[in-house]
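Colleague: Predicted model and sequence follow; I will ask about them next.
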Amino acid sequence: MVLGKVKSFTISYDCLNDSNVPVFSSGDCVSGRVIIEVTGEIRVKSLKIHAKGFAKVRWTESRNAGSNTAYTQNYTEELEYLNHKEILIGHERDDDNSEEGLTTIHSGRHEFAFSFELPQTPLATSFEGKHGSVRYWVKAELHRPWLLPMKTKKEFTVFEHIDINTPVLLSPQAGTKDKTLCCWFCTSGPISLSAKIERKGYTPGESIQIFAEIENCSSRMVVPKAAIYQTQTFYAKGKMKEVKQLVANLRGESLSSGKTETWSGKMLKIPPVSPSILDCSIIRVEYSLMVYVDIPGAINLSLNLPLVIGTIPLHPFGSRTSSVSSQCSMSWLGLPERPEAPPSYLEIVTEEQRQSCLDVQVVREELNGPLFAYIHEFRFQPPPLYSEVSTRNKKVLSVIFICFFINNPFFLPPHFRSILTQITTVVQKSAGLMPVHPAEEDSQNSPQPMLGEGESKKEPAYKALLQMFFSGKTFT
């Protein structure tokens with residue numbers, strides 16, 4: 001008997017989306033098939049799959065232990081997210097070469113289905129970085145007697161969804177900075193920078209509208225610029241390694257001394273990049289928008305605005321739900337769904353209502369009614385006239401008014417300030433707040449001279465002054 005040969009040994013996934021890209025999220029069911037194509041017949045001990053997902057960090061650093069001694073320090077860390085094993089054909093043991101319990105696979109193409117569920121706990125998004133990665137894959141092993149096992153492996157992508165339709169990610173980001181350039185003992189004017197973006201959360205393919213104002217009061221020529229940076233941070237053995245990469249940038253016009261430039265929504269497009277990774281303990285991927293002023297011969301004036309790159313795009317007409325379920329794992333790559341159309345006119349207006357609106361006679365009768373028939377009538381009493389206020393209340397108000405000028409004499413002309421004290425005495429007597437002596441009553445009953453006729457005749461002059469203040473009413 002001539003044994004057959006394995007022509008192909010591959011893995012295929014049942015995709016959840018129309019793009020035929022194997023993308024899943026936490027809680028999803030990953031299903032697929034192991035495809036074996038053989039010529040002739042083969043005998044198989046077992047066919048197994050092993051699904052695994054993990055984050056791994058690794059980097060090295062050179063250390064000096066002495067004058068002539070150097071060594072390399074390795075930093076590694078691994079975090080497991082998925083570990084699933086399944087036997088599709090045969091049994092668990094593969095170490096013996098006996099031919100008992102073998103399965104015969106005939107010539108042709110054969111498919112063996114598998115499925116497993118991803119953990120419900122948050123998973124790190126698939127990522128490939130300089131010093132670490134997050135990977136998910138399924139490996140299949142075909143064991144046959146007296147032969148080395150055949151192996152094949154295929155990765156799949158996991159996205160931990162980030163919905164940017166949340167208050168935190170929809171909040172605007174803004175900042176202001178300024179800088180004064182110095183050269184020895186010479187100091188030039190300041191350079192100021194103010195920048196703002198509409199929100200913190202974006203998705204790949206969107207454009208960021210940048211609103212900025214740059215004022216150059218220095219003596220140098222400067223250039224305003226903006227750039228999106230990706231910051232990869234790796235953690236292992238209590239140490240940290242950081243890598244910063246440029247994602248996209250733009251350049252403004254050169255700005256000479258004394259000039260100002262304003263960006264009214266300058267657009268910077270986000271290229272296809274990995275979403276932010278914020279929940280992994282050993283790998284962190286963050287983004288930021290840096291608006292800065294390039295100053296020749298000096299440190300740049302920069303302003304960093306944090307960004308979060310999500311997977312669920314902005315809903316322009318409002319979101320019915322706060323998040324999208326995992327069954328639409330690749331929905332972030334497409335356009336948001338259109339809102340439902342409003343109901344038609346005939347669906348909400350009946351025929352009777354429409355006919356009643358066309359009755360011209362009813363409309364004419366309604367228009368012939370009183371013009372203000374539907375305006376509420378206000379029945380509050382009007383305030384009393386000035387002449388109806390009691391004389392005593394008016395006198396008390398006069399005292400308050402004069403006391404104000406006593407405490408604030410600068411409101412009066414200079415020639416009135418010297419007599420404020422005597423005015424107070426007259427007003428107090430007139431208001432009944434001070435006893436009047438008989439001699440003073442006699443002097444009040446005598447004819448009164450006009451203002452400025454003598455020192456002994458100031459009291460009626462003061463009353464004339466009060467008359468000027470209080471609309472022509474004298475005190476008795």
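Modeller: Ah, there it is.

Colleague: pLDDT value on residue 46, please?
Modeller: At residue 46, the pLDDT value in this model is 92.

Colleague: I figured it was touching residue 86, is that so?
Modeller: No: using C-beta atoms under 8 Å as the test, residue 46 is too far from residue 86 to be in contact (11.1 Å). Heads up, the C-betas are built off the backbone N, CA and C, glycines and all.

Colleague: Tell me which of those two has more neighbours.
Modeller: The residue with more neighbours, out of residue 46 and residue 86, is residue 46; 20 against 14, by other C-beta atoms under 10 Å.

Colleague: Quick one: residues contacting the residue nearest to the more buried one when sequence neighbours are not counted.
Modeller: In this structure, residue 46 finds its nearest non-sequential neighbour in residue 90, 3.1 Å apart by C-beta to C-beta, 6 or more residues apart in numbering. For residue 90, the contacting residues are 44-47, 101-103, 143, by C-beta atoms under 8 Å, 6 or more residues apart in numbering.

Colleague: Selection in ChimeraX covering whichever of the residues you listed are buried, please.
Modeller: Only the buried members of these enter the following ChimeraX selection, criterion being 16 or more other C-beta atoms under 10 Å:
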select :44,45,46,47,102,143
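
Colleague: now, which of the contacts of residue 90 sits nearest residue 155?
Modeller: When the contacts of residue 90 are compared for distance to residue 155 (C-beta to C-beta), residue 47 wins out at 19.7 Å.

Colleague: Now the longest strand seen in the chain: buried residues?
Modeller: Using DSSP state E to define each element, the chain has its longest strand at strand 70-90. Of the residues in strand 70-90, 75, 77, 81-82, 84, 88-90 count as buried by neighbour count, 16+ other C-beta under 10 Å.

Colleague: Same question for stretch 252-270.
Modeller: Using 16+ other C-beta under 10 Å as the test for burial, stretch 252-270 gives 252, 255, 261, 263, 266, 268, 270.

Colleague: Same check on stretch 146-162?
Modeller: 152, 156-162.

Colleague: Between the two ends of it, what distance do you get?
Modeller: Stretch 146-162 has an end-to-end distance of 50 Å (criterion: C-alpha to C-alpha, to the nearest Å).

Colleague: repeat for stretch 299-314
Modeller: 37 Å.

Colleague: what comes up buried for that stretch?
Modeller: Result for stretch 299-314 [16+ other C-beta under 10 Å]: buried residues 300-303, 305, 307-314.

Colleague: and if you look at stretch 230-238?
Modeller: 230, 232-236.

Colleague: and what of stretch 103-119?
Modeller: Buried-residue list, stretch 103-119, by 16+ other C-beta under 10 Å: 105, 114, 118.

Colleague: Please narrow these to those residing in strands.
Modeller: Using DSSP E, those in strands are 105, 114.

Colleague: Including distance to residue 59, could the buried residues of stretch 103-119 go into JSON lines?
Modeller: Rendered in JSON lines, the data for the buried residues of stretch 103-119 read as follows (distance: C-beta to C-beta, whole Å):
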{"residue": "105", "distance to residue 59": "45"}
{"residue": "114", "distance to residue 59": "35"}
{"residue": "118", "distance to residue 59": "29"}
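
Colleague: Based on its surroundings, how many neighbours for the nearest residue in space to residue 41 that is not next to it in sequence?
Modeller: Of all residues not flanking residue 41 in the chain, residue 4 sits nearest, at 5.0 Å (C-beta to C-beta, 6+ apart). Residue 4: 17 surrounding residues under other C-beta under 10 Å.

Colleague: Now do residue 270 against residue 167, distance only.
Modeller: 21 Å (C-beta to C-beta, to the nearest Å).

Colleague: quick one: secondary structure of residue 169?
Modeller: On the three-state scheme (DSSP: H, G, I helix; E, B strand; the rest coil), residue 169 is labelled helix.

Colleague: Now it: closest residue in space that isn't a chain neighbour?
Modeller: Nearest residue to residue 169 in three dimensions, chain neighbours excluded: residue 201, at 3.0 Å (C-beta to C-beta, 6+ apart).

Colleague: for the buried residues of stretch 299-314, which one is nearest residue 244?
Modeller: The closest of the buried residues of stretch 299-314, once distances to residue 244 are taken by C-beta to C-beta, is residue 302, at 12.8 Å.

Colleague: For that closest one, give the beta-bridge partners.
Modeller: For residue 302, the beta-bridge partners under DSSP bridges are residue 292.

Colleague: wait, doesn't it sit right on residue 291?
Modeller: Yes: contact criterion C-beta under 8 Å: residue 302 and residue 291 qualify, at 7.3 Å.

Colleague: Residue ranges in the stretch 51-200 of the chain under the pLDDT threshold?
Modeller: Scanning the stretch 51-200 of the chain for pLDDT under 70 picks out 65-67, 93-99, 182-187.

Colleague: Give me the contact list for stretch 53-67.
Modeller: Stretch 53-67 is contacted by residues 70-83, 118, 123-124, 131-137, 158, 234-236, 241, 280, 282-283 when judged by C-beta under 8 Å, 6+ apart.

Colleague: Test my guess that residue 159 contacts residue 25.
Modeller: Yes: counting by C-beta under 8 Å, residue 159 touches residue 25, with 5.8 Å between them.
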